[in-house]
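*Asks:* Kindly return the folded structure for what I paste below:
(one chain, ligands or ions: 1)
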Amino acid sequence: VKLYDYGASANCLKVRILLRLLGTTYERVPVDIFAGESQTPEHLSRNPAGRTPVLELDSGEAIPESNAILIHLARGTPFLPDDPIAQSRVLGWLFFEQNLVEPNVGTARFWRLTGRDAGREQIVARFVEAGSAALDVLERHLDGRGWLVGDSASVADVGLYAYVHAAPDAGFGLAERPGVSAWLTRVEVLAGFVNDLEPYPTGARVGAGGQSVHDGQSKAG
Ligand SMILES: N[C@@H](CCC(=O)N[C@@H](CS)C(=O)NCC(=O)O)C(=O)O
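*Replies:* As a prediction, the model looks like this:
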């Protein structure tokens, strides 16, 4: 398989982590989102939303959306339970991640690390409030549990790990969330685990002189 990927994106990191946990060899195709490569006709034909990651199967079929890719790769492996209720719970956590964690924790982090928070303090404060509430949900759930669903790691854990482990970059505290902190460590010691999230390039900073596809509406995580 091929992974259309951006090294500083935690949505892409999820997929790279799972591929390594599964021991699947893949070809990584870097997409420079700050140079407009996610918006070319070729990339839009893989993902009409113009985002990374996109998984391309050997058949040429493209699968966009990080959490859909996790599900696709995890079928038939221990990272996706067969039991319908457990499987639905895994999906539920992945929807929670895209609904409450990534848009709040991920956007607060991206804006803060790239200077996009300047002059937008009220919007950032809303991300921080909603992101903190989402982290508190995780803390309550993980109190007394090893994993998000059942008694072993699933793609729910991989999907949530990506933005939760990076939350301190945006000022979210994890020390006061011991259940979340211990769970992050459990994910990090899974056999094959590698976290190769890259820093945002200096050119991603507002005012760095690069083109501005990400200012305002567009985003990265
Ligand atoms: N819901 C999507 C979000 C993907 C996303 O926002 N990707 C960002 C990087 S984190 C991107 O590629 N942005 C490129 C652009 O906006 O042009 C997913 O989970 O895959």
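*Asks:* which residues are contacting whichever helix in the chain runs longest?
*Replies:* For the chain, the helix with the greatest residue count under DSSP state H is helix 121-142. Residues outside helix 121-142 that contact it (Cβ atoms under 8 Å, 6 or more residues apart in numbering) are 96, 100-101, 103-105, 107-108, 111-112, 117, 148, 160, 164, 167, 170-172, 174, 177-180, 182-183. Placement of C-beta: from N, CA and C, glycine included.
*Asks:* what's the next secondary structure element after it?
*Replies:* helix 155-165 (DSSP states H and E).
*Asks:* Flag every buried residue along that following helix.
*Replies:* Buried residues in helix 155-165, counted by 16 or more other Cβ atoms under 10 Å: 155-165.
*Asks:* angle of it against helix 121-142?
*Replies:* Helix 155-165 and helix 121-142 are oriented at 140 degrees to each other (axes from the mean of the first three to the mean of the last three Cα atoms, to 10 degrees).
*Asks:* who does helix 155-165 touch, helix- and strand-wise?
*Replies:* helix 10-22, helix 66-74, helix 84-96, helix 121-142, helix 178-188 (3 or more Cβ pairs under 8 Å, 6 or more residues apart in numbering; DSSP states H and E).
*Asks:* Tabulate the ones you listed (CSV), appending mean pLDDT.
*Replies:* What follows is the helices and strands packed on helix 155-165, written out as CSV (pLDDT from 0 to 100):
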stretch, mean pLDDT
helix 10-22, 98
helix 66-74, 98
helix 84-96, 98
helix 121-142, 98
helix 178-188, 98
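*Asks:* got the ones you listed as TSV, with distance to the ligand and mean neighbour count columns?
*Replies:* Below are these laid out as TSV (distance: least, Cβ to the nearest ligand atom, whole Å; neighbours: other Cβ atoms under 10 Å):
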stretch	distance to the ligand	mean neighbour count
helix 10-22	4	23
helix 66-74	4	21
helix 84-96	9	16
helix 121-142	15	16
helix 178-188	18	16
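*Asks:* a markdown table for those, including distance to residue 36?
*Replies:* Below are those laid out as a markdown table (distance: least, Cβ to Cβ, whole Å):
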| stretch | distance to residue 36 |
| --- | --- |
| helix 10-22 | 17 |
| helix 66-74 | 21 |
| helix 84-96 | 29 |
| helix 121-142 | 25 |
| helix 178-188 | 33 |
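*Asks:* Nearest to residue 204, out of those?
*Replies:* Closest approach to residue 204 among the helices and strands packed on helix 155-165 (Cβ to Cβ): helix 10-22, 14.1 Å.
*Asks:* I'm done for today, thanks for sticking with me.
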